[in-house]
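A.B. asks: Take a look and give me a structure for this.
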Amino acid sequence: MSPGFLNRLLALNVEDQNALFDYFADLFDQTVRHAKANGTFDEGVTDIKALSVKLANAPNVVHIDRITGAETTHYNLAVEMPTQLISFAEADEVRRRKSGAFFENKKKGSFIMATESGRHTDAGTGRSYQTFAVWRPEGARTDYIHEDDLNERYRVVMPRAVRDWWTRRHAELPPTQIEELHIIGGAIIPLWQRLKTTRDAQLKVVRVTTDDGQRIVGTKIATERVWQVLRALGICRTLSDPKQIFTAIKDEADQVTLAGSLLLRQGHLYGKPTIELLGANPQQFEQLREIGLINEQINWKQLFFVPTDEEKGTTIITELLACYPVIGSANTDETNEEQPADTELETELPASTSCVIELEQWVIEPEEITELKKIQEQNKAAELSMASEQRSENPNDVLTTEPVNQPMFFTFGDSNETFQPKRKQSSRKTVEEQMAFDFFAMQSNDADDPAAA
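C.D. replies: Residues are numbered from 1 along each chain as shown. I've put the predicted structure just below:
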């Protein structure tokens, strides 16, 4: 805030100042809660406090640094937390105070209470949208929902239609609940980008102490992102049961490779998570439609999805696996145990199975190139025959049609050359030589004549 704005606040009455600061604090709390719910709030190292913390499975080493030997470990913890249940009276009080409303899910028939949380701006489109805080019998502000999703999936109902269901659900809930917590600890700094899996993902560093006194420090990984992170570290698992495949893809964002270059992964259809089939070619479209996959044309592309209903989805996956079985990974087994990503597997092939392949023998030239070469060979043969006929008719003719290899460069003054180029003699030099010759001849004549002496 600027000093000028704060000075104007001081000019207000005390009641107006308190109301304005209360509104600012409410907006600030809503922004923080929204960031925490979306996983974009960075609060440093957080201590997880719970009634009980136990290891659900033995720790598994998922990465070993080749240079230092430092290990990265995956911890699966069972955390017992107290439930903060919300009764119908408390939810109705919040509804009246914050101008909220009760909503019924159009498909499941369950109820929620939603209050306005604040307006936000989509960084991609620049469009402003409203979010709502969701209250359930399990707790207050359990999550946040987009206004479009709220209008599409829910309808407004009166409080009296919710009272009996909310009271019954509140009585069924236990006072404590066990949550599954995944932590990647050890040497995590070199793997930081791989742990994020997406560019805008936020990682939280947490500390926790188990009931037996073991202290664990690492990054907290959401349950639905566990296998995304492990797959980024090179860990794979082989799933063969259709129900396991359905749950792993829908809830844990895992991927399953099928025969025929097909891939089952988590996707989105109209803003909702679903199971998408990738890699289908046009020859397989009719078969996939007969199996029962949902076919949608989006951006002129044919996309196929598995229904999100567990019973229908499992049945369709079973028929799909009958045509395209699961392709297993070499470093996994049927027990789905995690293996270190940097384990080196050395396999040697027998000498009899190895052979040398020459690529030239595997290259097949196009028919056009082959025909062109044949025409060139025929033309060359015709030229040679014509040249031989000319030589037979004119044996003294030195001209031939055969090309003469010319040197790349010429050298002058080479003693080995048989041909010496003639140079033009200077006329002045010839005259001077003749005059010198005449002078010496005159001197010799004078010396021979005794009368002259």
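A.B. asks: L293 versus V256, what's the distance?
C.D. replies: 15 Å (C-beta to C-beta, to the nearest Å). Yep, even glycine has a C-beta here, placed from its N, CA and C like the rest.
A.B. asks: which stretches of the stretch 51-200 of the chain have low pLDDT?
C.D. replies: 123-124, 198-200 (pLDDT under 70).
A.B. asks: now the strands: where do they sit in it?
C.D. replies: Under the criterion DSSP state E, counting those that start in this stretch, strands of the stretch 51-200 of the chain are mapped to 52-55, 60-64, 71-82, 101-105, 111-121, 128-136, 139-146, 154-157, 176-186.
A.B. asks: With respect to R391, which of these lies nearest?
C.D. replies: Ranking the strands of the stretch 51-200 of the chain by proximity to R391 (C-beta to C-beta) places strand 60-64 first, at 79.3 Å.
A.B. asks: Relative to that closest one, what are the paired strands and their orientations?
C.D. replies: Using DSSP bridges, the strands paired with strand 60-64 in its sheet are strand 71-82 (antiparallel).
A.B. asks: The partner strand: which residues count as buried?
C.D. replies: Using 16 or more other C-beta atoms under 10 Å as the test for burial, strand 71-82 gives T72, T73, H74, Y75, N76, L77, A78, V79, M81.
A.B. asks: same question, stretch 220-236
C.D. replies: For stretch 220-236, by 16+ other C-beta under 10 Å, it's 220-221, 225-233, 235-236.
A.B. asks: go on, stretch 256-275?
C.D. replies: Result for stretch 256-275 [16+ other C-beta under 10 Å]: buried residues V256, T257, L258, L262, L264, Q266, G267, T274, I275.
A.B. asks: Now do the domain split for this structure, please.
C.D. replies: 1-32, 45-83+179-221, 88-173, 236-339 (automatic domain parsing).
A.B. asks: which intervals of the stretch 201-350 of the chain have sub-threshold pLDDT?
C.D. replies: 201, 270-271, 328-350.
A.B. asks: any chance you could map the helices in it?
C.D. replies: 226-232, 242-252, 285-291, 310-323 (DSSP state H, counting those that start in this stretch).
A.B. asks: What angle do helix 310-323 and the second one make with each other?
C.D. replies: Put simply, helix 242-252 runs at 120 degrees to helix 310-323, going by axes from the mean of the first three to the mean of the last three C-alpha atoms, to 10 degrees.
A.B. asks: how distant is helix 242-252 from the center of its chain?
C.D. replies: 21 Å (C-alpha atoms, centre = their mean, to the nearest Å).
A.B. asks: now swap in the longest one and tell me
C.D. replies: Offset of helix 310-323 from its chain centre (C-alpha atoms, centre = their mean): 28 Å.
A.B. asks: List the buried residues of it.
C.D. replies: G313, T314, T315, I316, I317, L320, L321.
A.B. asks: Which residue, other than its chain neighbours, is closest to the last one?
C.D. replies: Right, the one you point to is L321. P242 (6.3 Å; C-beta to C-beta, 6 or more residues apart in numbering).
A.B. asks: so what's that neighbour up against?
C.D. replies: Residues in contact with P242 (C-beta atoms under 8 Å, 6 or more residues apart in numbering) are T314, T315, I317, T318, L321.
A.B. asks: ok, now how distant is R141 from T131?
C.D. replies: 11 Å.
A.B. asks: Which one of the two is surrounded by more residues?
C.D. replies: T131 (21 against 18; other C-beta atoms under 10 Å).
A.B. asks: okay but the more buried one is in contact with G118, surely?
C.D. replies: Yes: taking C-beta atoms under 8 Å as the definition, T131 is a contact partner of G118 at 6.3 Å.
A.B. asks: Burial check on Q130, number of neighbours?
C.D. replies: Neighbours around Q130, by other C-beta under 10 Å: 14.
A.B. asks: For it, which non-adjacent residue is closest in space?
C.D. replies: Nearest non-adjacent residue to Q130 (C-beta to C-beta, 6+ apart): E147, at 4.3 Å.
A.B. asks: Please name the residues that touch the residue lying closest to T223 once chain neighbours are set aside.
C.D. replies: In space, T223 comes closest to E180 once its chain neighbours are excluded; the distance is 5.6 Å by C-beta to C-beta, 6+ apart. By C-beta under 8 Å, 6+ apart, the contact set of E180 is A56, N76, L77, A78, V79, T223.
A.B. asks: so who does the fifth one touch?
C.D. replies: By C-beta under 8 Å, 6+ apart, V79 lies in contact with I48, A50, S52, V53, I178, E179, E180, L181, V208.
A.B. asks: Of the residues you listed, select the buried ones using a PyMOL command.
C.D. replies: To isolate the buried subset of the contacts of V79 in PyMOL, counting by 16+ other C-beta under 10 Å, use the following:
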select buried, resi 48+50+53+181+208
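A.B. asks: Take the contacts of V79 and write them to TSV, including distance to E93.
C.D. replies: TSV is the format used below for these (distance: C-beta to C-beta, whole Å):
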residue	distance to E93
I48	30
A50	29
S52	32
V53	34
I178	30
E179	28
E180	32
L181	32
V208	35
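A.B. asks: Around Y324, count how many other residues there are.
C.D. replies: 22.
A.B. asks: now Q376
C.D. replies: Neighbour tally, Q376, other C-beta under 10 Å: 10.
A.B. asks: gap between it and E383?
C.D. replies: 11 Å.
A.B. asks: which SS class is L372?
C.D. replies: helix (DSSP: H, G, I helix; E, B strand; the rest coil).
A.B. asks: contacting residues for it?
C.D. replies: Contacts of L372 (C-beta under 8 Å, 6+ apart): none.
A.B. asks: can you tell me how far it sits from A382?
C.D. replies: Distance from L372 to A382, by C-beta to C-beta: 16 Å.
A.B. asks: Many thanks, I have nothing further to ask.
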